[in-house]
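Colleague: pasting the sequence and the predicted model now:
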Amino acid sequence: MITFIINNPYYILLALSTAVVAGVLGAFAVMRRMALASDPISHIALPGLGLALILGINPLVGAAATLLVGAILIWSFEKRTGIATETLIGVVFSLALAVGSMVTSGEELIDALLGNYSNVSQTEFFFGLAVVIAILVFLFAKRQELTLAILSPELAKTSGISIDRLNLYFLLAFVATILLGLRFMGVLLMGSLIIIPAAVAKNLARSMSGMISIGVIVAIISVIVGLFSAIYLHLAIGPTIVTVSALIFILSLIKKQSD
């Protein structure tokens with residue numbers, strides 16, 4: 001375990017940075033009733049991963065491309081048709097999962113779905129850290145606008161807030177967060193790092209600030225305990241992190257019922 005930490009410091013730091021932004025984003029996703037959407041959105045990356053592997057380029061480049069296209073498609077269709085975001089995400093997710101399964105196979109598919117141990121270069125780490133900072137700046141800078149748009153879209157519009165543009169930016173922040181965690185959580189499980197800590201926070205917190213704080217703490221604990229347990233026990237990283245997070249959720253339910 002010590003050897004892994006020494007040889008992969010950027011991997012661990014990027015995982016922890018991703019946990020922080022996932023915890024914050026999850027709180028807003030719960031407010032927007034999009035927590036469950038994080039799971040299918042992450043699957044949109046699968047065809048991009050598969051095509052990148054076929055072409056011999058960085059898989060994260062392919063994942064970023066399909067996530068970006070998917071987010072823009074969802075936003076465009078929602079804006080033009082008025083269909084609920086969750087419905088559009090479900091349609092795009094189903095298509096992406098089908099195409100991704102056809103172009104990815106074998107061990108590569110397992111790694112793409114569940115995450116793996118891999119080196120993170122200094123350049124990749126600092127780029128990822130810049131993305132984390134950008135997402136956090138957006139979420140906190142637009143906190144009031146996001147809250148107002150959720151509670152009263154009509155009042156937000158009369159206040160001069162562009163709901164459509166805000167929705168697009170939030171979707172982009174969503175897919176960027178998912179992209180950050182694909183390396184260690186995988187396509188299948190990255191959404192869980194947004195969903196479960198947010199669910200724990202909802203059980204325990206009494207305010208938005210409390211939800212954000214608890215969500216971040218739970219996400220960080222899940223990543224640290226899950227990552228080191230996976231290394232020590234020779235388990236897959238993604239499933240181990242999700243298991244730890246789920247156990248914390250169960251404890252939060254017990255705590256909530258006892259109050």
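Modeller: Happy to help now that I have it. Model, not experiment: these values are computed from the prediction.
Colleague: and W75, how many residues sit next to it?
Modeller: Neighbours of W75 under the rule other CB atoms under 10 Å: 20. (Glycine included, C-beta is placed from N, CA and C.)
Colleague: correct me, but it touches Y169?
Modeller: No. With contact defined as CB atoms under 8 Å, W75 and Y169 do not form a contacting pair (9.6 Å).
Colleague: flag the shaky bits of the stretch 1-150 of the chain, pLDDT-wise.
Modeller: Counting by pLDDT under 70, the low-confidence segments of the stretch 1-150 of the chain come to 1-6, 33-43, 53, 78-79, 81-117.
Colleague: now with 80, please.
Modeller: 1-8, 31-120, 147-150 (pLDDT under 80).
Colleague: quick one: the helices in it, in order.
Modeller: Applying DSSP state H, counting those that start in this stretch to the stretch 1-150 of the chain gives helices spanning 2-7, 9-31, 38-43, 46-55, 59-81, 85-103, 106-114, 122-141, 143-151.
Colleague: run the chain-centre distance for the second one.
Modeller: Think helix 9-31. Distance of helix 9-31 from the chain centroid (CA atoms, centre = their mean, to the nearest Å) equals 8 Å.
Colleague: okay, angle between it and helix 143-151 too, please.
Modeller: 40 degrees (axes from the mean of the first three to the mean of the last three CA atoms, to 10 degrees).
Colleague: could I get helix 9-31 in CSV with only the CA atoms?
Modeller: Only the C-alpha atoms of helix 9-31 are listed here, as CSV (Å, rounded to 0.1, in the frame of the first residue of the first chain):
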residue,chain,number,x,y,z
PRO,A,9,0.5,10.4,-5.5
TYR,A,10,-1.3,12.2,-8.4
TYR,A,11,-3.8,9.4,-8.7
ILE,A,12,-4.7,9.7,-5.0
LEU,A,13,-4.8,13.5,-5.0
LEU,A,14,-7.0,13.5,-8.1
ALA,A,15,-9.3,11.0,-6.5
LEU,A,16,-9.7,13.1,-3.4
SER,A,17,-10.2,16.3,-5.5
THR,A,18,-12.9,14.5,-7.4
ALA,A,19,-14.5,13.5,-4.1
VAL,A,20,-14.7,17.1,-3.0
VAL,A,21,-16.4,18.3,-6.1
ALA,A,22,-18.7,15.3,-6.3
GLY,A,23,-19.8,16.1,-2.7
VAL,A,24,-20.6,19.7,-3.5
LEU,A,25,-22.3,18.9,-6.9
GLY,A,26,-24.4,16.2,-5.3
ALA,A,27,-26.1,18.7,-2.9
PHE,A,28,-27.2,20.8,-5.9
ALA,A,29,-28.2,17.8,-7.8
VAL,A,30,-30.5,16.7,-5.0
MET,A,31,-32.1,20.2,-5.0
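Colleague: which other helices and strands does it contact?
Modeller: When contacts are defined as 3 or more CB pairs under 8 Å, 6 or more residues apart in numbering; DSSP states H and E, helix 9-31 sits against helix 122-141, helix 143-151, helix 163-189, helix 192-204, helix 208-233.
Colleague: same question for the fourth one.
Modeller: If you count contacts as 3+ CB pairs under 8 Å, 6+ apart, helix 46-55 packs onto helix 59-81, helix 85-103, helix 106-114, helix 163-189.
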